[in-house]
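Visitor: Give me coordinates for this.
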Amino acid sequence: MTVTSRDRLRRGAMTALQICAVAALYYASGKLGLLQQLVRGQVTPLWPASGIALAGLLLIGPRTWPGITLGAFLINISLNLPSITAVLMITTGDTLAPLCSYALLHRAGFRTRMNRWRDALALVFLGAFISMLISATVGCGTLHLTGALPGGFWPTWWVWWTGDAMGVLVVAPALLALRSARWPKAAPPSRWVEGSLLGAATISMGLLQTSPTPLLFLAFPLLTWAAFRFQRAGAAPCALAVSTFAIFAATRRSGPFAGHALLANMISLQAFNGAAALTALLLSAAITERNQTQEKIEEACRRLAEMVERTAPDTGGPPALPHAQSDGEENGGQARTS
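Guide: You can find the predicted model right below:
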């Protein structure tokens, strides 16, 4: 076997392993999301699998799309859908949505580091809100045409779209941040204390969100703190936690979600989670961009100082001023004259 054949075989084996990993993660996260299902045992306000799918496409590449299809097929085949045609249609929608999201983000010049405003805006509007219309429309349309939709079309469609979009908004940024995260070796103890306080405050905020008292607005100071002090590494997990607790409250219809219809709760939940994700992503991107600009300015000043130091004449003392030198010559001339 030649070296080229071995390389091809190795690349093929690696691709197959990546596809299987994406399929397994998609299936596991989908089953986890179904624990909070609201409609027909399969429509949930948080579908983490969409975030897994998009993160896999962004980090590994579009060659992993068969893993998305396989994972979606295994989930849909286990939901007792009316026919195999319905399973294939919904699977197709679940595959096309993250592929469309990846294509739009790639066209917009999206960076997985998400260190620019445009990256955060592209993920929210192109990656989540627009692209996930495909899976929600195909899925709800299939259930409606097969007579398997117990409730109204639009409430179910809204829950479906909310779940897929929230999976992209809160799961994908957390995975992207996790991939680029580094262990802070030189962090002072005060930094660790602040991080622990942020984690405790997030858990406390989650408990308040699921309580009968409507205190969802308290999440925004927490997100601001995480974004300013820890940038994306703190803002993305914090947004994921805050949105997850809000979804728990919505599925149990407690707090601000008590006493409202399903459609009204889904609109409120989508508005809150979208605002939370947008706040966390935009603030962290703005702070990161500011820090990078400050580092570039400091580097430019340092190089300028080094350049001035190299070009300055080495006279062993401070250079004489021109007017002082002319005064000395004039005085010396007077002394010689006298």
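
Visitor: Tally up the residues packed near L197, please.
Guide: If you count neighbours by other C-beta atoms under 10 Å, L197 ends up with 11. C-betas here are computed from N, CA, C, even on glycine.

Visitor: Check what contacts the helix or strand hosting it and list those residues.
Guide: Remark: L197 resides in helix 189-209, with elements defined by DSSP states H and E. Helix 189-209 has contacts (C-beta atoms under 8 Å, 6 or more residues apart in numbering) with 184, 215-216, 218-219, 222, 225-226, 229-230, 234, 238, 241-242, 244-246, 248-249, 255.

Visitor: Just those residues: which are in helices?
Guide: 219, 222, 225-226, 229-230, 234, 238, 241-242, 244-246, 248-249 (DSSP state H).

Visitor: T69: which of the residues you listed is nearest?
Guide: The nearest member of the ones in helices among the contacts of helix 189-209 to T69, counting by C-beta to C-beta, is T244 at 26.6 Å.

Visitor: and that closest one, what does it touch?
Guide: Neighbouring residues of T244 by C-beta under 8 Å, 6+ apart: L46, V170, G206.

Visitor: Spell out which helix or strand contains A286, please.
Guide: Here A286 is assigned to helix 262-311, by DSSP H and E.

Visitor: Against which helices or strands is that helix packed?
Guide: Packing partners of helix 262-311 (3 or more C-beta pairs under 8 Å, 6 or more residues apart in numbering; DSSP states H and E): helix 117-121, helix 153-166, helix 172-180, helix 219-252.

Visitor: angle of that helix against helix 189-209?
Guide: Inter-element angle recorded for helix 262-311 and helix 189-209: 170 degrees (by axes from the mean of the first three to the mean of the last three C-alpha atoms, to 10 degrees).

Visitor: I'd like the mean pLDDT over helix 262-311, please.
Guide: Per-region confidence: helix 262-311 scores 86 on mean pLDDT.

Visitor: quick one, it and helix 153-166 angle?
Guide: Going by the same axes, to 10 degrees, helix 262-311 makes 20 degrees with helix 153-166.

Visitor: what's the offset of helix 262-311 from the middle of its chain?
Guide: Here helix 262-311 is found 13 Å from its chain centre; the criterion is C-alpha atoms, centre = their mean, to the nearest Å.

Visitor: So which of the contacts of T244 wins on neighbours?
Guide: Most neighbours among those, by other C-beta under 10 Å: L46, with 31 neighbours.

Visitor: so how far is G167 from that residue?
Guide: Using C-beta to C-beta, to the nearest Å, L46 is found at 6 Å from G167.

Visitor: Which neighbours do those two have in common?
Guide: Listed as contacting both L46 and G167 by C-beta under 8 Å, 6+ apart are G33.

Visitor: Please tell me I have it right and A23 contacts W65.
Guide: No. If you go by C-beta atoms under 8 Å, A23 and W65 don't touch, sitting 10.6 Å apart.

Visitor: could you pull out the helices for the stretch 1-150 of the chain?
Guide: Using DSSP state H, counting those that start in this stretch, the helices of the stretch 1-150 of the chain run over residues 3-33, 48-59, 65-77, 84-107, 117-121, 133-145.

Visitor: most packed of these?
Guide: helix 48-59 (a mean of 27; mean count of other C-beta atoms under 10 Å).

Visitor: what's the distance between the closest residue to G259 other than its chain neighbours and N265?
Guide: Among residues not flanking G259 along the chain, R253 sits closest, at 7.6 Å (C-beta to C-beta, 6 or more residues apart in numbering). Distance, R253 to N265, using C-beta to C-beta: 7 Å.

Visitor: Surely T251 touches L46?
Guide: No. T251 is beyond contact range of L46, at 9.1 Å (criterion: C-beta under 8 Å).

Visitor: what residues are shared contacts of the two?
Guide: Counting by C-beta under 8 Å, 6+ apart, the residues touching both T251 and L46 are Q36.

Visitor: re the thing from before, what angle sits between the helix holding L197 and helix 219-252?
Guide: Orientation check (the same axes, to 10 degrees): helix 189-209 against helix 219-252 gives 40 degrees.

Visitor: Flag every buried residue along helix 189-209.
Guide: Neighbour counts over helix 189-209 (16 or more other C-beta atoms under 10 Å) mark E194, G195, L198, A201, T202, M205, G206, L208, Q209 as buried.

Visitor: Name the nearest of those relative to T156.
Guide: Relative to T156, the closest of the buried residues of helix 189-209 is Q209; by C-beta to C-beta it sits at 24.7 Å.

Visitor: Leaving out chain neighbours, which residue sits closest to the closest one?
Guide: According to C-beta to C-beta, 6+ apart, the nearest residue to Q209 is F245 (4.3 Å).
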